[in-house]
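Asker: predicted structure and sequence below. I'll ask about it afterward.
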Amino acid sequence: MKYEIGDRILVLHSNEEGEVIEIINEKMVMIEVRGVRFPAYMDQIDFPYFKRFSEKKIVPETRKPKTYIDQVPSEKKQFIPQQPEDGVWLVLVPKFFTDEFDDEVVSSFQVRLVNKTAIGYKFVYQHEHRQDIAFELQNELLAYQDFYLHDISFEVCSDQSSFVAEFSLITPQKKKVSFYETYLKLKSKQLFQRIEKMKEKNEPFIQFQLMTEYPDLEIDDKPDVSLLLQKGYKVYGLHQIKDHLPSPRSVVDLHIEKITDSWSHLKPSEILDLQLKEFEKWLELAILHKLPEMFVIHGVGKGKLREEIHDQLKLKREVKHFVNQYHPNYGYGATQIVF
């Protein structure tokens, strides 16, 4: 092995010096440069000794003229550049093996969270495979930190894998939201394309941005309802709203003929949009009325409506779990939601 942990190195493309902090495999190491950790191929780095030697120029010693105090210019303030902030990223670092045709093939990925901001976060991370939780971790991600999560095989990563992360501030702020949840669903075609692009650009990893910046808390000003009252409208307080909303449904049928009578002229995209709006309405009512569970009938079909519903349910904190399995009344055409 050319490098060992603790070796000083030079990043060839940026001419910056750093240190080896981890050996990933025979071709890659984890390095740290100016407090930022990232993986690099061994052909992208070198020992810094030749650079240091070549920078030392041997010049004949000359006597400097005397400088008096009134000739010394005032010292200018040095500008120290700050690290640019660029959100939080999910990074997949590939591990390769050589197949029988001498081609480099990805065998697995090292999954990491990279914080490129000056803020520290608490996080809850889940890797889901075929809608089941395959890995879960809670920890803290400090400012400008690279955090190792786990390893995942290429086969699993390319087979209906999803990554869910919930972030909250280590030091809460009144003007910031209490938490921020993000969701990344990888498709096989997308993953293959990103791997090929990574190889073409000779990059050491694939990265997906999970968060650009931690969001502010949206504070709505109190509306002026005096004009509405003058015109005879009824205005209810928050504690009265539930009494004037429709009752929730424990079973919601999203077949288009159950939603509207005039649907024959609609395009498939318009039908899907109507179905999702209907689902969102009854889901919010079920949550507001604290319903213990609800069945959503979406049919079997091509599964587009079911996928859209499941993607929304994954982002709802109020949903404990949901399952699409055989039911004696609905077959495989319904999803059970438990709150």
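Answerer: Looks like it came in fine.

Asker: when you work out contacts or count neighbours from here on, use the C-alpha atoms and nothing else.
Answerer: Noted.

Asker: tell me the SS of Asn139?
Answerer: In three-state terms, and counting by DSSP: H, G, I helix; E, B strand; the rest coil, Asn139 is strand.

Asker: shaky segments in the stretch 1-150 of the chain?
Answerer: 1, 49-83 (pLDDT under 70).

Asker: mind listing the helices in it by residue range?
Answerer: 49-55 (DSSP state H, counting those that start in this stretch).

Asker: hey, where'd the strands end up in it?
Answerer: 8-11, 16-23, 28-33, 36-41, 45-46, 88-98, 104-115, 121-129, 132-141, 146-153 (DSSP state E, counting those that start in this stretch).

Asker: any idea which of the ones you listed gets closest to Lys302?
Answerer: Lys302 lies closest to strand 121-129 among those, at 20.4 Å (Cα to Cα).

Asker: how about that closest one as CSV, C-alpha atoms only?
Answerer: The C-alpha coordinates for strand 121-129 follow below in CSV (Å, rounded to 0.1, in the frame of the first residue of the first chain):
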residue,chain,number,x,y,z
TYR,A,121,-27.8,18.9,13.0
LYS,A,122,-29.4,16.0,14.8
PHE,A,123,-30.5,13.4,12.3
VAL,A,124,-32.6,10.3,12.0
TYR,A,125,-31.6,8.2,8.9
GLN,A,126,-33.4,5.3,7.4
HIS,A,127,-32.5,3.1,4.4
GLU,A,128,-35.6,1.4,3.0
HIS,A,129,-35.5,-1.6,0.7
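
Asker: which secondary structure elements does it contact?
Answerer: Other elements packing on strand 121-129 under the criterion 3 or more Cα pairs under 8 Å, 6 or more residues apart in numbering; DSSP states H and E are strand 132-141, strand 161-169.

Asker: go through the ones you listed and name the closest to Leu266.
Answerer: Across these, Leu266 has its closest neighbour in strand 161-169 (32.3 Å, Cα to Cα).

Asker: per-residue pLDDT, Ser296?
Answerer: Just to correct that, residue 296 is Val rather than Ser. As predicted, Val296 sits at a pLDDT of 92.
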